[in-house]
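>>> Quick one, what's the 3D model for this:
(one chain, ligands or ions: 1)
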Amino acid sequence: MDSKSTKASPILTDPTPINKSRLGIYSSLLPYSQSGPSFSTSMLTIPRKKPTKLDDVRSNGWLDAMKASSPPRKKLLKDSKLEVASDDSNVAYNSWMVKYPSAINSFEQIITCAGDKKIVIFLDYDGTLSPIVDDPDRAFMSADMRSAVRNVAKYFPTAIISGRSRDKVFELVELTELYYAGSHGMDIISPVRDMLSTEHSNCIQSTDQQGKEVNLFQPASEFLPMIEEVFRALVGNTKDIKGAKVENHKFCASVHYRNVEEKSWPTIAQLVHDVLKDYSRLRLTHGRKVLEVRPVIDWDKGRAVEFLLESLGLSNSDDVLPIYIGDDRTDEDAFKVLRACNRGYGILVSSAPKESNAFFSLKDTSEVKEFLESLVYWKEHNAL
Ligand SMILES: O=P(O)(O)OC[C@H]1O[C@H](O[C@H]2O[C@H](CO)[C@@H](O)[C@H](O)[C@H]2O)[C@H](O)[C@@H](O)[C@@H]1O
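Numbers count the residues shown, from 1 in each chain. Alright, predicted model coming up:
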């Protein structure tokens, strides 16, 4: 393996105060700020409440984020009150779709805009290619979805960008014709390009499972032992919480609370917080009923999209139309990149209204499949 690097590392040597804010622990929100009040205390005596065990996660916003982290599953309608509520949510969803139109209904508009441009497809995995299920180990992709992705990849360069480890997502997708980025884009396999490997630090030439020469880019490689250590601590700390599950995704770790009783959410959040407080170079982000622990580096799914476009020789080009389909908060970083450079489209998969940087929406994984199939049909029947 030949490691060449010249460009600055994306690793941020973050000073502690910034890390605290990244963790959501703003000093002004802490019950007992170390810095003290900015006005004279001789004028005013503020009675201070004794901190309780769960104050950290109540004050830093983790709990609110956890409650809002995934749309509730549809309940069976048993009475008329629920029917009214359902009608209301349909109205809310339909008016939300004015801002985020269906990518299926807007298909003509999308392909008109594509014109002769080269379409590049980026796909998230969980909630996009496989429906959200209770057990992350059983989030399988249907055979029809696999076939839709395989067909899309015949005509358009296609990459999967997942929060899971690259190996895990490859095991689930099983398609060798795609490019894969695991650990929220912190572990990327891309085609060999000499120019690229000298521009990015931590980019090395390697071989993939099929023995093909590839570029392996791992901007957070130095965090590997730290994530392993934190993973063990998280497993230990949460072992008595019924339903909790911790996954090691190589450059990040996930703590799932989907199967944990809601009354124990403050406890699990506090236990994760207790581990993280000793790691100022790690931060926490929120996914769908999952707390995600990741390095404080200037790298995310958006940067991964830019990197992959560059690896494919398709960056800075007006004849390229990237389309990114994803359902999660981490996908917003990719939507933002596409919106900021004013090319390509983010498509949010959501059955509930939520603010997004995407341009279009799809309701669920079956609509994702339909959209991918439409692209293939269009390519086979209309494109040159
Ligand atoms: O970037 P993604 O490919 O969407 O991965 C994000 C997380 O996905 C998985 O968790 C989510 O899906 C599970 C299976 O449906 C579900 O049980 C869980 O509640 C969801 O959060 C994965 O297990 C996580 O590690 C990923 O970070």
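
>>> which residues of the stretch 201-350 of the chain score low on pLDDT?
Of all residues in the stretch 201-350 of the chain, none has pLDDT under 70.

>>> same thing but at 80, please
Along the stretch 201-350 of the chain, the parts satisfying pLDDT under 80 run over 201-202, 209-210, 316-317, 342.

>>> In it, mark out all the strands, start to finish.
203-207, 213-217, 245-248, 253-256, 282-287, 290-295, 320-326, 345-349 (DSSP state E, counting those that start in this stretch).

>>> which helices and strands does the fourth one pack with?
Strand 253-256 is packed against helix 224-238, strand 245-248, strand 290-295, with contacts defined by 3 or more C-beta pairs under 8 Å, 6 or more residues apart in numbering; DSSP states H and E. Backbone N, C-alpha and C define where each C-beta goes, glycine included.

>>> which residues touch the residue in the stretch 151-300 of the chain that the ligand sits nearest to?
Residue of the stretch 151-300 of the chain nearest the ligand, by C-beta to the nearest ligand atom: G163 (2.9 Å). Shown in contact with G163 (C-beta atoms under 8 Å, 6 or more residues apart in numbering): 125-126, 183-184, 249, 252, 254, 287, 292, 328, 330.

>>> Take these and lay them out in TSV including neighbour count and distance to S190.
Shown next, in TSV, are the contacts of G163 (neighbours: other C-beta atoms under 10 Å; distance: C-beta to C-beta, whole Å):
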residue	neighbour count	distance to S190
Y125	23	18
D126	23	22
S183	30	15
H184	28	16
H249	25	19
C252	28	19
S254	20	24
G287	20	24
E292	22	23
D328	27	22
T330	24	19
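
>>> Please go through those residues and note which also touch the ligand.
125-126, 249, 254, 287, 292, 328, 330 (C-beta under 6 Å from any ligand atom).

>>> show me where the chain has helices.
Here the chain has its helices, by DSSP state H, at 16-22, 55-59, 62-67, 80-99, 107-114, 143-155, 166-173, 194-199, 224-238, 265-276, 301-311, 332-340, 365-381.

>>> Can you give the contact residues for the third one?
Put plainly, it is helix 62-67. Residues from elsewhere that reach helix 62-67 (C-beta under 8 Å, 6+ apart): 24, 57, 257, 265-266, 269, 273, 284, 286, 289, 291.

>>> quick check, nearest of those to D144?
Comparing these against D144 with C-beta to C-beta places K289 closest, at 26.1 Å.

>>> Phi first, then psi, for the closest one.
Dihedral pair for K289: phi 50, psi 40, per degrees, to the nearest 10.

>>> who's in contact with the closest residue to it other than its chain neighbours?
In space, not counting the residues next to it along the chain, K289 is nearest to R258; the distance is 3.8 Å by C-beta to C-beta, 6 or more residues apart in numbering. R258 is in contact with 70, 134, 243, 288-290, counting by C-beta under 8 Å, 6+ apart.

>>> Close to the ligand: what parts of the stretch 251-384 of the chain are there?
Counting by C-beta under 6 Å from any ligand atom, the stretch 251-384 of the chain comes close to the ligand at 254, 256, 258, 287-290, 292, 328, 330.

>>> what two of those residues have the greatest distance between them?
With C-beta to C-beta as the measure, no two of these lie farther apart than R258 and T330, at 16.6 Å.

>>> Go ahead and flag the most central residue of the chain.
T330 (2.8 Å; C-alpha atoms, centre = their mean).
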